[in-house]
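J.: sequence isn't available, so here's the structure alone:
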């Protein structure tokens, strides 16, 4: 390329063509970024990051629905039988294997906090119909969840997601904040 | 085809204009005197009907946008205000919502027409592909528009459909949040959907121009599927087809106005008159009727990602149709095996539509008790020392409660397989094994053989 007789093929004008179109392409990409990113959640939407829930009025066996980041969240106070049912399932047999202990906070096994959107296509599972596994049944496409919010049957691929949440007192949680460091075995969704 | 006829300006003004902006030349050569096969039947009038419906949707849509408010707290009420308070608002909205359904009825007939007469084959592949693009844009526009009234079906339809993208591995969640502009469908979603719903019809109009351009290069296909040989095979578009299209449009409007004025909510869902509630999903959510076959395909696959892939694949396969078909004969009138496959395919599509409207566990046939489960229950009862009549009672109850059934999901699976088999197996294979009937030598000869006089103005349908 660098030999003198090739200079007739590659001219300085060719260089200008390549450089100019390269810069134009880079400019187009740089311009596209803000136009694409403007569709991502805005700062005020992101600011709605935490929700405080008072648990005092929830009785065993009862499930309440609260809003967090514009999504419904189930907060369920499980009965001892429900906890046992969730713990006794062989983890390997689950479509999305996860032990119950990884989905609740140790010492607070009574409280199950899960996002209420079915992991199939986002419908809200029915609180009135517990499905075949005692948890929830999604009315849209028939996914059954167990008492740990894990998918057991139906088209949904994943367990109901567990959001980060922290006990700020015995009867109050904040959804959207990491658990206090003292709580040992918990994991976010 | 268009090459034979040439426009000649007739006076000083048209000569002056023709050398500056030859717009009247285009109208004259491409519309008024466009040479059109003389044998087009009424199935060929749906292009004109679709153009009209696009116009109806754009005009009523612009009117509705003057009164509608795209905000999660105001949208539902603004639609009710259009219905109750705005002068003729009810009519504009019913024209627009039923117009969408009519648009889809017409496009489906138009597509099946192309499938029957082989209108996608060379040299009309680009014409067909542009049509599939228009169809995809129509589906996107209809979905976005259905969200705007912000009723329960709007909200949950938007949630379910945007969640299709969450099936994409790794980036699915980021993409859905980008589409929503939030962590769930909310006001940001509604506002962008309104913006895009206003934009896309004009994109459709642009692609329609390309579609008509691609039609006018090779000219129309026709029910015989053979090429035009010369002027004896054609008539001028105007007045022959302007009148024929006009009559078809009038008949089509009868159907349209029946729904608008006498049964305006028949094609909708009552749940959409309940304001959107992110906490409660309606017990039975179904899409609008024109999406039901695809919804059935989605639900018939037990795996989320595969369901979404097959659903989109069922439309994308249309892009490859011109190259999947191995037969060089276009019209099904001369293809005895393909013609049967075509009608089976029509039934499959209608069947998928029916399946999409049912709940997944809707029982079609009862297949008797699950004998293994019943035996287990009976054995258990025996072990508990149940005997005699009590044991028989246990058996009877077990047989009643544990039954196998052929349900809507099973039928959906069979029909989904048949849907893809039509494109991927039947169409390539039939072209190889089938012996087509003898083709007529020309359109003109075939038309006259059916007892037409020497008058060229009598379009004749094939035996369809």
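T.: Looks like it arrived, so ask away. This is a predicted model, so every value here is computed, not measured.
J.: buried set for the one helix or strand in chain A whose mean pLDDT sits lowest?
T.: Using mean pLDDT, DSSP states H and E, the weakest-scoring helix or strand in chain A turns out to be helix A:43-47, at a mean of 83. Neighbour counts over helix A:43-47 (16 or more other C-beta atoms under 10 Å in any protein chain shown) mark residue A:45 as buried. Placement of C-beta: from N, CA and C, glycine included.
J.: same deal with stretch A:144-157?
T.: Across stretch A:144-157, burial judged by 16+ other C-beta under 10 Å covers A:144-152, A:154-157.
J.: SS state for the spatially most central residue of chain A?
T.: Central residue of chain A (C-alpha atoms, centre = their mean): residue A:161, 5.2 Å from the mean position. On the three-state scheme (DSSP: H, G, I helix; E, B strand; the rest coil), residue A:161 is labelled coil.
J.: is it in contact with residue A:118, as I believe?
T.: No - between residue A:161 and residue A:118 there is no contact under C-beta atoms under 8 Å: 10.6 Å.
J.: what's the overlap in contacts for the two?
T.: Common contact partners of residue A:161 and residue A:118 (C-beta atoms under 8 Å, 6 or more residues apart in numbering or on different chains): none.
J.: could you point out the longest helix of chain A?
T.: Criterion DSSP state H: the longest helix present in chain A is helix A:12-37.
J.: what mean pLDDT does that helix have?
T.: Helix A:12-37 carries an average pLDDT of 94.
J.: and what of stretch B:194-201?
T.: In the prediction, stretch B:194-201 has an average pLDDT of 98.
J.: are that stretch and chain A in contact anywhere?
T.: No - contact of stretch B:194-201 with chain A (C-beta under 8 Å from any C-beta of the partner chain) is absent, the minimum separation being 10.6 Å.
J.: so how far is that stretch off the chain centroid?
T.: Offset of stretch B:194-201 from its chain centre (C-alpha atoms, centre = their mean, to the nearest Å): 19 Å.
J.: hang on, the earlier thing: what lines up beside the next helix or strand after the least confident helix or strand of chain A in the sheet?
T.: Sequence-wise, the next helix or strand beyond helix A:43-47 is strand A:51-54, with elements assigned using DSSP states H and E. Strand A:51-54 has the following strand partners under DSSP bridges: strand A:172-175 (antiparallel).
J.: so which bits of the partner strand are buried?
T.: Residues of strand A:172-175 classed as buried by neighbour count (16+ other C-beta under 10 Å): A:173-175.
J.: same check on stretch B:165-184?
T.: Buried, per 16+ other C-beta under 10 Å, within stretch B:165-184: B:165-167, B:172, B:176-177, B:179-184.
J.: cool, stretch A:110-128 as well?
T.: A:110-127.
J.: wasn't residue A:139 part of a strand?
T.: No - secondary structure of residue A:139 (three-state DSSP): coil, not part of a strand.
J.: pull up the gap between it and chain B, please.
T.: According to C-beta to the nearest C-beta, to the nearest Å, residue A:139 and chain B sit 5 Å apart.
J.: packing partners of the helix or strand residue B:210 falls within?
T.: Assigned by DSSP H and E, residue B:210 belongs to helix B:187-216. If contacts are counted by 3 or more C-beta pairs under 8 Å, 6 or more residues apart in numbering or on different chains; DSSP states H and E, helix B:187-216 sits against helix B:46-65, helix B:125-147, helix B:152-163, helix B:172-180.
J.: in it, which residues are buried?
T.: For helix B:187-216, burial by neighbour count (16+ other C-beta under 10 Å) applies to B:187-190, B:192-194, B:197-198, B:200-201, B:204, B:208, B:211, B:214-216.
J.: ok now that helix, how far from the chain's centre?
T.: For helix B:187-216, the distance to the chain centre is 16 Å (C-alpha atoms, centre = their mean).
J.: can you narrow the buried residues of stretch A:110-128 to ones near chain B?
T.: Taking C-beta under 8 Å from any C-beta as the test, chain B is in contact with A:116-117, A:120-124, A:126 out of the buried residues of stretch A:110-128.
J.: of those, closest to residue B:221?
T.: Of all those, residue A:121 has the smallest distance to residue B:221: 39.6 Å, by C-beta to C-beta.
J.: the closest one and residue B:164 touch, don't they?
T.: Yes - Residue A:121 is within contact range of residue B:164, at 7.1 Å (criterion: C-beta under 8 Å).
J.: check the contact lists of the two and give me the overlap.
T.: Counting by C-beta under 8 Å, 6+ apart, nothing touches both residue A:121 and residue B:164.
J.: the helix or strand that contains residue B:94 vs helix B:125-147, what angle?
T.: Here residue B:94 sits within helix B:89-116, counting by DSSP H and E. Counting by axes from the mean of the first three to the mean of the last three C-alpha atoms, to 10 degrees, helix B:89-116 lies at 150 degrees to helix B:125-147.
J.: out of everything not next to it in sequence, what's closest to the residue most central in space within chain B?
T.: In chain B, the centroid-proximal residue (C-alpha atoms, centre = their mean) is residue B:108; its distance is 4.5 Å. Nearest non-adjacent residue to residue B:108, counting by C-beta to C-beta, 6 or more residues apart in numbering or on different chains: residue B:290, 7.5 Å away.
J.: residue A:21 versus the one you found, what's the distance?
T.: Distance, residue B:290 to residue A:21, using C-beta to C-beta, to the nearest Å: 44 Å.
J.: how about the strands of chain B, start to end?
T.: Under the criterion DSSP state E, strands of chain B are mapped to B:35-37, B:234-236, B:363-369, B:403-407.
J.: a markdown table please, covering the ones you listed and showing mean pLDDT and distance to residue B:131.
T.: Listed next are these as a markdown table, based on pLDDT from 0 to 100; distance: least, C-beta to C-beta, whole Å:
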| stretch | mean pLDDT | distance to residue B:131 |
| --- | --- | --- |
| strand B:35-37 | 95 | 18 |
| strand B:234-236 | 94 | 23 |
| strand B:363-369 | 86 | 34 |
| strand B:403-407 | 86 | 35 |
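J.: what's around residue B:7, how many residues?
T.: 17 (other C-beta atoms under 10 Å in any protein chain shown).
J.: okay but it is in contact with residue B:29, surely?
T.: Yes - with contacts counted by C-beta under 8 Å, residue B:7 reaches residue B:29, the gap being 5.2 Å.
J.: follow-up on the earlier one: least trustworthy position among the ones next to chain B among the buried residues of stretch A:110-128, going by pLDDT?
T.: Within those, pLDDT is lowest for residue A:126, at 78.
J.: state the pLDDT value of whichever residue of the stretch 351-464 of chain B sits closest to chain A.
T.: As assessed by C-beta to the nearest C-beta, chain A sits closest to residue B:360 within the stretch 351-464 of chain B, at 5.4 Å. At residue B:360, the pLDDT value in this model is 74.
J.: what's near enough to touch it?
T.: Residue B:360 neighbours (C-beta under 8 Å, 6+ apart): A:141-142, B:299, B:407-409.
J.: just give the number of residues close to the residue nearest to it when sequence neighbours are not counted.
T.: Excluding the flanking residues, the one nearest residue B:360 by C-beta to C-beta, 6+ apart is residue B:409, at 4.8 Å. For residue B:409, the count of nearby residues is 20 (other C-beta under 10 Å).
J.: need the contact list for residue B:409.
T.: By C-beta under 8 Å, 6+ apart, the neighbours of residue B:409 are B:299-300, B:355, B:360-361.
J.: out of those, which is nearest to residue B:116?
T.: residue B:355 (23.6 Å).
J.: can I assume the closest one is in contact with residue B:297?
T.: No - using C-beta under 8 Å, residue B:355 makes no contact with residue B:297, being 9.1 Å away.
J.: tell me, what's touching the two both at once?
T.: Overlap of the contact sets of residue B:355 and residue B:297 (by C-beta under 8 Å, 6+ apart) consists of residue B:412.
J.: how's chain A carved up into domains?
T.: Using automatic domain parsing, the domain parsing of chain A gives A:1-40, A:46-175.
J.: list the beta-bridge partners for residue A:51.
T.: For residue A:51, the beta-bridge partners under DSSP bridges are residue A:175.
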